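> below are the sequence and a predicted model; questions follow.
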Amino acid sequence: MPTAALIVAAVVIVAVVIVAARLYSTHQTRERVETEQRSQQLQQRFGPEYDRTVATAGDVRTAERELTARQKRVTGFHIKPLTADEGKSFNDEWQVMQATFVDDPSTAARDADALIGRVMAARGYPESDYDQRSADVSVDHSAILDQYRTAHEIALRDAGGEANTEDLRQAVLNSHVLFAEMLEESSTVETIPGSPVPVAAQ
């Protein structure tokens, strides 16, 4: 092959390599930007739950797959606000539960958790165990998820006889935060003088 032809062939090969390298670099850059944007969106939506999931999963990629799966699952729900009658009925149930606290704190704490489950079902969340319920709640209520978890942990301690009345009062208080948000009311909590349990702000 003539020298000129070899030179032309070499130039073409080099040009092809350069173009391929640039395309690959552009693709990698685009993927990196998309990954960073996705991470930022997940961090903004899940807040502290993002860090907790990363710590539990052991790496960012696995954690983000888990959080993305949660979003996809909840997107498939038909979440709806409660009717005025439903809201009043649930508030009445909370008041009944609250009235039992002084005589039976353990039952009151369990009833508070059960009531949250019924509110969630009425809103359109499927019935599920605590772990799945927490995962579902984390998508739209991540800011108060730690309080809900604390209430559950206290309930577990109580089942083992390791929770005192103050612990159970705190469990009910924490449960009320999620309860109030699910009812789309103010999560401000007031306490009746002399009573260890919260009431919804009027």
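Yes, it's here.
> on the three-state scheme, the most centrally placed residue in the chain is what?
For the chain, the residue nearest the mean C-alpha position is Ser138 (0.7 Å; Cα atoms, centre = their mean). Using DSSP: H, G, I helix; E, B strand; the rest coil, the structure places Ser138 in helix.
> thought it was touching Leu145?
Yes - with contact defined as Cβ atoms under 8 Å, Ser138 counts as touching Leu145 (5.2 Å). (Each C-beta comes from the backbone N, C-alpha and C, glycine too.)
> which parts of the protein belong to which domain?
Under the assignment automatic domain parsing, the domains of the chain span 3-75, 84-200.
> about what we covered before: so what's the residue nearest to the centre of the chain up against?
46, 49, 70, 145 (Cβ atoms under 8 Å, 6 or more residues apart in numbering).
> C-alpha coordinates for the helix or strand harbouring Asn174, CSV please?
Using DSSP states H and E, Asn174 sits within helix 165-182. What follows is helix 165-182 as a C-alpha-only set of coordinates in CSV (Å, rounded to 0.1, in the frame of the first residue of the first chain):
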residue,chain,number,x,y,z
THR,A,165,-45.5,4.9,81.8
GLU,A,166,-43.4,7.9,80.6
ASP,A,167,-42.1,5.7,77.7
LEU,A,168,-45.6,4.9,76.7
ARG,A,169,-46.7,8.5,77.0
GLN,A,170,-43.9,9.3,74.6
ALA,A,171,-45.0,6.5,72.3
VAL,A,172,-48.6,8.0,72.1
LEU,A,173,-47.2,11.5,71.6
ASN,A,174,-45.1,10.3,68.7
SER,A,175,-47.9,8.3,67.2
HIS,A,176,-50.1,11.4,67.3
VAL,A,177,-47.7,13.3,65.0
LEU,A,178,-48.3,10.8,62.2
PHE,A,179,-51.9,10.4,63.1
ALA,A,180,-52.5,14.2,62.8
GLU,A,181,-50.6,14.4,59.5
MET,A,182,-52.5,11.5,58.1
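> and that helix, what's its mean pLDDT?
Average pLDDT, helix 165-182: 93.
> excluding its backbone neighbours, what's nearest Val137?
Leu145 (6.0 Å; Cβ to Cβ, 6 or more residues apart in numbering).
> quick one: contacts for that neighbour?
48-49, 134, 137-138.
> at 10 Å instead, please
Going by Cβ atoms under 10 Å, 6 or more residues apart in numbering, Leu145 touches 46-49, 52, 134-135, 137-139, 178.
> this protein: helices as residue ranges?
Assigned helices in the chain, in chain order: 3-46, 48-57, 60-75, 84-99, 105-123, 130-141, 145-159, 165-182 (criterion: DSSP state H).
> let me know which of these is tucked in deepest.
Across the helices of the chain, the average number of neighbours (mean count of other Cβ atoms under 10 Å) peaks for helix 165-182, which reaches a mean of 21.
> what angle separates that one from helix 105-123?
Using axes from the mean of the first three to the mean of the last three Cα atoms, to 10 degrees, the inter-axis angle of helix 165-182 relative to helix 105-123 is 10 degrees.
> having no further points to raise, I will conclude here.
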